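**Student:** dropping the sequence and predicted coords here.
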Amino acid sequence: MIAACPTGAAPQGASGYYGTSFTTTAADTTDASAGESTAVGSGGGEDVSSDSAAGSSGQAASSGPGEGSSGGVPMCGNGVVEGDEACDGSDLGGNDCTDFGYDEGVLACDQDCHAITDACSSCGDGEISLTEVCEATDFDGETCTSMGFGGGALLCEVGCKSIDTSGCIPLPTCGDGVRNGGEQCDGNDVGAASCVSQGFDQGTLGCTPGCTFDVADCMDDLTNCGMMGDLCLFDENDIQSTCCPAGVGGNVLGICNVVVCV
């Protein structure tokens, strides 16, 4: 009769132990080959070498086909649009500014293969692009004065490619026959002004060499006796008292009457 072995012990001469599982410790593997570890499975008792995990040859697994730059993975900078790249170098993937919501311009590509739309433009979007000179009331700092005029307001042409200066006031140039700048008149050009607008009753408004109004030929009505100061009022009690002198204010005969002096 064979005596029972204590739990966890193997009988002498036995080639293996079947039953309770356990894993050897470092002390248990002193006889193992360098670089190998021994583990006992739950019931099989097989030795598993770490070399077998890497394959029978002991070499690490290599990358399979299709991986890396030689296998079709997108690589920014190779000049070819691949994967989700918007562009690559000069290859814009057939796109232009209109594909990004702009009217026109030049599309470019940055070093990260992202599209650059700085040179794209759409007139009316409120932002002056590289191909525009104005947007609505934005003239990039320009004014009528900076463009050589005396004042006024600039306009932005349709298309935002040019500035309209028709609303600007020319600099004063007295003597050119055209009223401009702060001139009252210039030559025969007195605008809408007249002797009446200058406080007189009649006459011809002129212009001085300094482009200011000349009122020498303006006059009031004959009712002030040819500009002698007093009104010619008819006084039935003294018809001669305030009449214009003979030859003045239409009083050719020197006789005062209601027709001549009113």
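**Tutor:** Right, received. Where do you want to start?
**Student:** residues contacting the nearest residue in space to residue 102 that is not next to it in sequence?
**Tutor:** Sequence neighbours aside, residue 120 is the residue nearest to residue 102 in space, at 3.8 Å (criterion: Cβ to Cβ, 6 or more residues apart in numbering). Where C-beta positions appear, they are placed from N, C-alpha and C, glycine not excepted. For residue 120, the contact set (Cβ atoms under 8 Å, 6 or more residues apart in numbering) comprises 97, 100, 102, 104-107, 129.
**Student:** of the residues you listed, just the buried ones, ChimeraX syntax please.
**Tutor:** Here the buried members of those are turned into a ChimeraX selection, burial being counted by 16 or more other Cβ atoms under 10 Å:
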select :97,102,104,105,107,129
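**Student:** any idea what the nearest residue to residue 176 once chain neighbours are set aside is bridged to?
**Tutor:** Using Cβ to Cβ, 6+ apart and skipping residues adjacent in sequence, the residue nearest residue 176 is residue 186, 6.4 Å away. Beta bridges link residue 186 to residue 189, judged by DSSP bridges.
**Student:** how about low-confidence regions in the stretch 51-200 of the chain?
**Tutor:** 51-72 (pLDDT under 70).
**Student:** all strands of it, in order?
**Tutor:** With strands called from DSSP state E, counting those that start in this stretch, the stretch 51-200 of the chain shows them at 104-105, 108-109, 115-116, 120-121, 151-152, 155-156, 163-164, 168-169.
**Student:** and those strands, which is most packed in?
**Tutor:** strand 120-121 (a mean of 24; mean count of other Cβ atoms under 10 Å).
**Student:** care to break this structure down by domain?
**Tutor:** Per automatic domain parsing, the structural domains of the chain span 76-122, 132-171, 172-219, 223-262.
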